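**Student:** Sequence plus the predicted model coming up.
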Amino acid sequence: MRFITLLLVAATVGCFATARAAETAAKTDTAEQIVTKVCSACHAADGNSATPANPVLAGQHAEYTAKQLANFKSGERKNPVMLGMASTLAPEDMKKLGEYFQEQKTKPRSAKDPALVQIGQQIYRGGIMAKGVAACTSCHGPNGAGIPAQYPRVAGQHAEYLSTQLMAFRSGERANDPNKMMRTLAAKLSDTEIKAVSEYIAGLR
C-alpha cells in the first residue's frame, strides 16, 4: 500500500511539473512579440532599420545575430543601449530573434558617393597590397553575403554604421571579433579608406 501511495504521489508531482512547464511555455514570447517589444523601435519590425546609426538586421545570419546579442549581454561588446535591451533576453530568445531576422528580406540600398565607391570597390575586391590588407571578399564573399556561423552578411548595410564599426575595431573599442581579425585589418585603414569601403558595401546586393 505504501508503495502504491508513493507511486500516486510521484505521478501527481509529475503531472504538476508538466502542467507548470506547459504554462511557462505558453507564456514564452514568440520572436514577433519580442521584436515588437524590444527591437522594432530601432531596427524596424522587418529588420530594415531606417536610421543609419542602427544596423540592418534583415537577412543577417541567425548565428551572428544571436552571438552579438550574447556579447552585448555579457559586456564583451560594449553598448549601453544594447546592454539594456539584451539583458532581458534568454539564450533561446536570442536564437529565435536570429532566426526571425534571417528570414526577413533586405531592402536594397545604393551608394551615394561615386568617387568613394571606386576606391571602396578596389579595397573590397582586391585589398591593399602595400598595407597588407586582405580583400574583404575572402571572408564576406563577392556579393557581401558572408558565410553563416563564421562571417556576417554586410551587403546593403548602412555605410554610416559600417564606418562606425570599422573605426571601433581600429581603436579597439569593439573587441568581440574572433582572433582579432577585424581589429588587425581595420588598424591598417585610414579614415578615407574606411568610408570608401563602407560606401561600396552599402550598395552591394
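**Tutor:** That came through fine. Note that this is a predicted model, so its numbers are computed, not measured.
**Student:** was I right about residue 158 contacting residue 50?
**Tutor:** No - Residue 158 is beyond contact range of residue 50, at 9.4 Å (criterion: C-beta atoms under 8 Å). C-beta coordinates here come from the backbone N, C-alpha and C atoms, glycine included.
**Student:** quick one: which of these two has more around it?
**Tutor:** Neighbour count, other C-beta atoms under 10 Å: between residue 158 and residue 50, residue 158 has more, with 20 against 11.
**Student:** list the contacts for the more buried one?
**Tutor:** Residues in contact with residue 158 (C-beta atoms under 8 Å, 6 or more residues apart in numbering) are 49, 52-56, 109, 202.
**Student:** Let's check: the centremost residue of this protein is which one?
**Tutor:** residue 65 (3.1 Å; C-alpha atoms, centre = their mean).
**Student:** Can you check what pLDDT the model gives the nearest residue to residue 170 once chain neighbours are set aside?
**Tutor:** Residue nearest to residue 170 in three dimensions, not counting chain neighbours: residue 186, with 3.9 Å by C-beta to C-beta, 6 or more residues apart in numbering. Listed pLDDT for residue 186 reads 98.
**Student:** Spit out the contact partners of residue 186.
**Tutor:** 166-167, 169-170, 194 are the contacts of residue 186 under C-beta under 8 Å, 6+ apart.
**Student:** Show me these that map onto strands.
**Tutor:** Assigned to strands by DSSP state E, none of the contacts of residue 186 qualify.
**Student:** Adding neighbour count and pLDDT, write those out as TSV.
**Tutor:** Listed next are these as TSV, based on neighbours: other C-beta atoms under 10 Å; pLDDT from 0 to 100:
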residue	neighbour count	pLDDT
166	21	98
167	17	98
169	23	98
170	20	98
194	22	98
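**Student:** so who does residue 170 touch?
**Tutor:** 183, 186-187, 189, 194.
**Student:** Tell me the confidence at residue 109?
**Tutor:** Confidence score, pLDDT, at residue 109: 86.
**Student:** can I assume it is in contact with residue 199?
**Tutor:** No - using C-beta under 8 Å, residue 109 makes no contact with residue 199, being 10.6 Å away.
**Student:** for the chain, which spans come out with low pLDDT?
**Tutor:** Along the chain, segments meeting pLDDT under 70 span 1-27.
**Student:** Walk me through the domains of it.
**Tutor:** 31-102, 114-202 (automatic domain parsing).
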